[in-house]
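Trainee: all I have is the shape, not the residue letters:
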């Protein structure tokens with residue numbers, strides 16, 4: 001008897017021993033009410049008024065139960081943006097967010113402004129108390145529109161109940177003062193010292209869509225059924241790139257390599273040994289979810305080499321067969337904290353080559369009654385593969 005591999009056909013070969021075997025996701029702050037007091041009471045407390053006034057001035061503002069503190073840092077070219085202007089625009093949209101000095105809060109909002117001819121870009125980076133970092137890239141026609149868009153995104157991100165209405169013309173000026181909050185430019189009243197009008201505000205809102213690239217490297221542990229009589233297990237290495245957008249159409253490309261360790265299977269006629277080396281290409285046009293959890297639907301193509309060997313036989317043979325599978329892969333990507341990620345995936349596909357493996361009779365015993373061909377494995381029409389991967393990602 002001998003191990004034979006054929007594309008739905010037997011392969012002739014040399015004689016093997018017959019006895020061998022094998023397997024295989026505002027409230028408005030109310031100003032304190034001022035009431036008139038009795039004249040006599042006023043005279044009675046007048047000596048203490050300076051002290052009381054000083055204490056009232058120095059006393060910290062009451063803290064709302066739902067207050068959200070965040071430190072703010074803004075960088076940009078001269079004449080484009082200031083922290084006080086951005087803070088006033090955020091305050092106009094929500095009274096729950098309080099801007100504090102750098103280091104006084106675990107939340108950090110960093111805004112970088114960049115102005116090119118005919119356009120402006122604001123890059124927001126928000127660091128949360130758990131260490132996770134979220135990034136947005138906003139594009140607008142002017143620096144003023146970019147700042148207003150940044151204020152809108154920052155306010156809604158920190159406080160989902162924040163107003164998304166178009167800001168009034170004097171909202172930004174109230175926070176920047178007569179000096180102009182855009183770095184002190186002398187060329188008249190700086191237009192960027194005020195939020196844009198209705199048309200500009202709308203442009204800022206449109207510019208708040210997210211568009212950025214991220215990449216990850218990971219190590220998968222996988223199981224596969226189909227190429228061998230039973231499951232094979234293996235480990236590998238992979239890379240993945242994602243175009244992250246505020247849309248279901250957020251394409252990704254995933255490339256991975258895995259080696260499935262050899263297994264021995266005892267069968268009538270000998271011992272069969274199977275191993276597989278495989279590469280995978282996954283094209284994922286759609287993505288559902290958010291920045292922490294993403295679910296991809298992918299088209300997959302696997303290619304590699306399947307090795308089958310006969311053992312415990314006097315006439316051992318080795319066959320190396322091409323392994324090609326076309327199918328689909330659902331992929332769940334979880335990013336619990338920067339920069340770590342976990343992937344859960346599974347592939348269902350159709351092997352393009354379906355081989356048979358058997359221990360057969362030698363040529364001179366084909367008519368003998370004591371020798372029967374043992375076809376112990378045929379590659380099925382459906383192959384299933386899946387696993388878990390641990391990795392890190394970069395933006």
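Mentor: Structure received. These figures come from a predicted structure and were not determined experimentally.
Trainee: the stretch 151-300 of the chain: helices as residue ranges?
Mentor: Along the stretch 151-300 of the chain, counting by DSSP state H, counting those that start in this stretch, helices occupy 171-176, 198-206.
Trainee: and the pLDDT at residue 237?
Mentor: As predicted, residue 237 sits at a pLDDT of 96.
Trainee: from residue 257, how far out is it?
Mentor: With the distance defined as Cβ to Cβ, to the nearest Å, residue 237 ends up 6 Å from residue 257. To be clear about C-beta, it is placed using only N, CA and C from the backbone, and glycine gets the same treatment.
Trainee: quick check: closest non-adjacent residue to residue 106.
Mentor: Distances taken as Cβ to Cβ, 6 or more residues apart in numbering place residue 129 nearest to residue 106, at 4.0 Å, with adjacent residues excluded.
Trainee: is it correct that that neighbour falls within a strand?
Mentor: No - counting by DSSP: H, G, I helix; E, B strand; the rest coil, residue 129 is not found in a strand; it is coil.
Trainee: how many other residues sit next to it?
Mentor: When neighbours are defined as other Cβ atoms under 10 Å, residue 129 has 9 of them.
Trainee: phi first, then psi, for it.
Mentor: phi -60, psi -30 (degrees, to the nearest 10).
Trainee: and what of residue 389?
Mentor: Summarising the backbone geometry of residue 389 under the convention degrees, to the nearest 10, its torsions are phi -130, psi 140.
Trainee: distance of it relative to residue 332?
Mentor: Applying Cβ to Cβ, the value for residue 389 to residue 332 is 11 Å.
Trainee: cool, residue 89 as well?
Mentor: In this structure, residue 89 and residue 332 are separated by 38 Å, where distance is defined by Cβ to Cβ.
Trainee: these two: which has the busier surroundings?
Mentor: Shown here are residue 89 and residue 332; by other Cβ under 10 Å, residue 89 has more neighbours (25 against 15).
Trainee: one step back: which residues do residue 389 and residue 332 both contact?
Mentor: Contact criterion Cβ atoms under 8 Å, 6 or more residues apart in numbering; residues bridging residue 389 and residue 332 by contacting each: 343, 345.
Trainee: what strand or helix carries the closest residue to residue 327 other than its chain neighbours?
Mentor: Taking Cβ to Cβ, 6+ apart as the measure, residue 327 lies nearest to residue 349, with 2.3 Å between them; neighbours along the chain are not counted. Here residue 349, judged by DSSP states H and E, is contained in strand 340-351.
Trainee: just the mean pLDDT for that strand, thanks.
Mentor: Predicted confidence along strand 340-351 averages 96 (mean pLDDT).
Trainee: next one: stretch 116-125
Mentor: 86.
Trainee: any idea how far residue 375 is from residue 356?
Mentor: With the distance defined as Cβ to Cβ, residue 356 ends up 6 Å from residue 375.
Trainee: kindly report the same for residue 308.
Mentor: Relative to residue 375, residue 308 is positioned 13 Å away (criterion: Cβ to Cβ).
Trainee: tell me which of the two has more neighbours.
Mentor: Set side by side, residue 308 and residue 375 show more neighbours around residue 308, with 25 against 14, by other Cβ under 10 Å.
Trainee: okay, now the unreliable bits of the chain?
Mentor: Counting by pLDDT under 70, the chain has low-confidence residues at 1-65, 167-210, 313-314, 360-371.
Trainee: domain assignment for it?
Mentor: Per automatic domain parsing, the structural domains of the chain span 2-24+211-394, 64-196.
Trainee: give me the neighbour count for the closest residue to residue 333 other than its chain neighbours.
Mentor: When the adjacent residues along the chain are set aside, residue 333 lies closest to residue 294, with 4.5 Å between them (Cβ to Cβ, 6+ apart). Neighbours of residue 294 under the rule other Cβ under 10 Å: 21.
Trainee: check contacts around residue 294.
Mentor: Taking Cβ under 8 Å, 6+ apart as the criterion, residue 294 is in contact with 242, 250, 287-288, 332-333, 335.
Trainee: how about these in a markdown table, adding distance to residue 149?
Mentor: Output for the contacts of residue 294, formatted as a markdown table (distance: Cβ to Cβ, whole Å):
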| residue | distance to residue 149 |
| --- | --- |
| 242 | 23 |
| 250 | 21 |
| 287 | 23 |
| 288 | 25 |
| 332 | 32 |
| 333 | 28 |
| 335 | 25 |
